[in-house]
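K.L.:
The following block contains a protein sequence and its predicted model.
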Amino acid sequence: MKNYHDIVHNIALFLGYQIDESAPDWFHPVLHFVILIAPIFLIIVVTYFIAKSVINYIRNKSKTQKIPYVGYIRGLDKNLFRFVFNTSKKQQIILFIASLLAMPILYGTLELPKQIINNALDSNLFPITYSGYEFSQVEFLLILCGLYLLAIIVNGLHKYWLNIFKGRVAERFLRRLRLLVYRQWRDDKSTDRKTDIIPILSQEVEPIGGFAADILTLPVFQIGTFMTIMTFMTVSYTHLRAHETGRNL
C-alpha cells in the first residue's frame, strides 16, 4: 500500500504538483482517482472498445463475403453514423457548438461561489476599487450573488434550449427514416410480413431518433463537463498553493 501511495505522489510530482502534509485529507483520494485510477480505467475501456470493434469488423467482413446483403432500403446508408451526419449535418454542428458553449457557463457556476466565499466574505481588503468605482463589502457581495444567479439562469435556459433543439433534430430524423421505410414497404411486391410495418414505424424506429440527437451532444457534453470540473479543481488547488506559499514567505 505504501508503494502504491508513493507511486501516485511521484506521478503528481512529475506533473508539477508538490503534495505535502498540509494538503487536506479529501485531496488524497481525489488525487489517487485522477492520477492513477481514472487513466487506468480509461485505458481498459478504450482497449475493450477497440478490441470489440476489430472483432465485429472481422465478423462482418466474413459475413459479407459469404452472405449477400439483403433488406436494403433505398436512400438509407448502411452506416448509421454516416446517414445521421448526412441528413442532419447543420443541426449536428449547431448542437456541437451549443454543447461547447455550456462549458464556460458551467465554469462560472463553479467559480462564482468560490469568489463569494474567498473574496467577498473572507477578505479584509475592502473597500476595493475597480474601473474607477469603489465598492464596499456588501456591494461587492451583492454583485457576485447577482452574477451567480444570472449564471444559474443562463445555464438552465441553455439546457432547456438544447433539449428543445435535440427534440427537433430527433423528430426530423425520425420523419425521414420512417418515410424511407414506408416507401420500401410500399414498393415491396411480396405479401410476406406486410403487417410488420406498424410496429417498425411506431416502436422500433423511435430509439434511433434519440440516438441521432445525442450522437455528438452527449459525448461532448459529458466529456466537457468532466474536463471543466477537473480544470476548476486544478486551478483552485494551484491558487491555494500559491496563496499558502506567499503567506509563508
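P.N.:
Happy to help now that I have it.
K.L.:
now residue 78, what's its secondary structure?
P.N.:
What DSSP: H, G, I helix; E, B strand; the rest coil gives for residue 78 is coil.
K.L.:
Distance-wise, check it relative to residue 165.
P.N.:
Look at residue 78 and residue 165: by Cβ to Cβ, to the nearest Å, they are 28 Å apart. C-beta here means a position set from N, CA and C on the backbone, and glycine is covered the same way.
K.L.:
In terms of neighbours, single out the busier of the two.
P.N.:
A count of neighbours by other Cβ atoms under 10 Å puts residue 165 above the other of residue 78 and residue 165, at 16 against 9.
K.L.:
got the contact list for that one?
P.N.:
With contacts taken as Cβ atoms under 8 Å, 6 or more residues apart in numbering, residue 165 has the following neighbours: 91, 94, 95, 98.
K.L.:
Let's see that with 7 Å instead.
P.N.:
Under the criterion of Cβ atoms under 7 Å, 6 or more residues apart in numbering, the neighbours of residue 165 are 94, 95.
K.L.:
Against residue 159, how distant is it?
P.N.:
In this structure, residue 165 lies at 11 Å from residue 159, with Cβ to Cβ as the measure.
K.L.:
Over to residue 134: give its phi and psi.
P.N.:
For residue 134, the backbone dihedrals are phi -100, psi 130 (criterion: degrees, to the nearest 10).
K.L.:
Ignore what I typed, I meant residue 128.
P.N.:
Geometry field for residue 128 lists phi and psi as phi -110, psi 160, criterion degrees, to the nearest 10.
K.L.:
bridging residues for it?
P.N.:
When bridges are taken as DSSP bridges, the partners of residue 128 come out as residue 135.
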